[in-house]
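Undergrad: take this sequence and fold it.
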Amino acid sequence: MWESCGRLDKLEGMEEVLPPQTQHGAGFELTRVRQFTVFLENRVGRLQTLMLALEEVGHIAAIAIEESADSALVRVICADPDLGRDALRTAGFGFSESELLAVELPTKTRNPLVAICAALLAAEINIHYMYPLLSRPRGPAVVLYVDDPTLSAQLLIRKGFTLISENDLRM
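TA: Next up, the predicted model:
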């Protein structure tokens with residue numbers, strides 16, 4: 001079905017192996033989506049200010065909030081991460097950026113979350129956290145933060161899962 005199609009590039013005398021591509025993409029789409037982790041003080045209206053800043057530049061594809069007594073970490077995936085990054089900077093929010101995998105949940109699989117966990121467990125890959133995408137035209141999907149995103153992407157594609165690229169989020 002899918003075989004490794006990474007290519008080698010020469011960058012200042014070093015070889016770089018590119019990550020695998022999406023199964024149904026044109027061969028140039030990366031399998032990862034960018035997530036912003038925003039630090040928020042627990043103050044009235046602060047989350048609304050964040051949502052307004054991000055919604056002005058495009059829709060929010062996913063959000064997860066981890067709250068503590070006096071602060072919160074808000075994990076956000078924007079349909080257009082470049083515009084999202086600019087909006088966060090302009091609004092003065094402190095944030096970090098990381099790459100996650102987005103995986104469609106097949107409707108014909110009885111327990112798709114169990115199947116994802118089993119595929120990654122077989123390779124001893126840890127899932128640090130997972131949360132759902134808000135909307136997908138082809139059905140439900142989740143984003144995963146894992147130990148080894150390249151190997152995880154390869155395993156999931158080989159197991160028949162479809163990965164979602166940033167281009168898919170813009171549609």
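
Undergrad: residue 129 contacts residue 146, correct?
TA: No: at 9.4 Å, residue 129 does not count as touching residue 146 under the criterion of C-beta atoms under 8 Å. For the C-beta atoms, the positions are set from N, CA and C on the backbone; glycine is no exception.

Undergrad: quick one, which of these two is more surrounded?
TA: When neighbours are counted by other C-beta atoms under 10 Å, residue 129 and residue 146 differ, and residue 146 comes out ahead with 21 against 12.

Undergrad: mind checking how far that one is from residue 83?
TA: Residue 146 sits 26 Å away from residue 83, going by C-beta to C-beta, to the nearest Å.

Undergrad: how about the helices of this structure, start to end?
TA: With DSSP state H as the criterion, the chain has helices at 46-55, 81-91, 112-122, 149-158, 166-170.

Undergrad: please name whichever of those helices is nearest to residue 142.
TA: Residue 142 lies closest to helix 112-122 among the helices of the chain, at 7.4 Å (C-beta to C-beta).

Undergrad: show me what the closest one is packed against.
TA: strand 127-132, strand 141-146, helix 149-158 (3 or more C-beta pairs under 8 Å, 6 or more residues apart in numbering; DSSP states H and E).

Undergrad: mind doing that once more with 7 Å?
TA: With contacts taken as 3 or more C-beta pairs under 7 Å, 6 or more residues apart in numbering; DSSP states H and E, helix 112-122 sits against helix 149-158.
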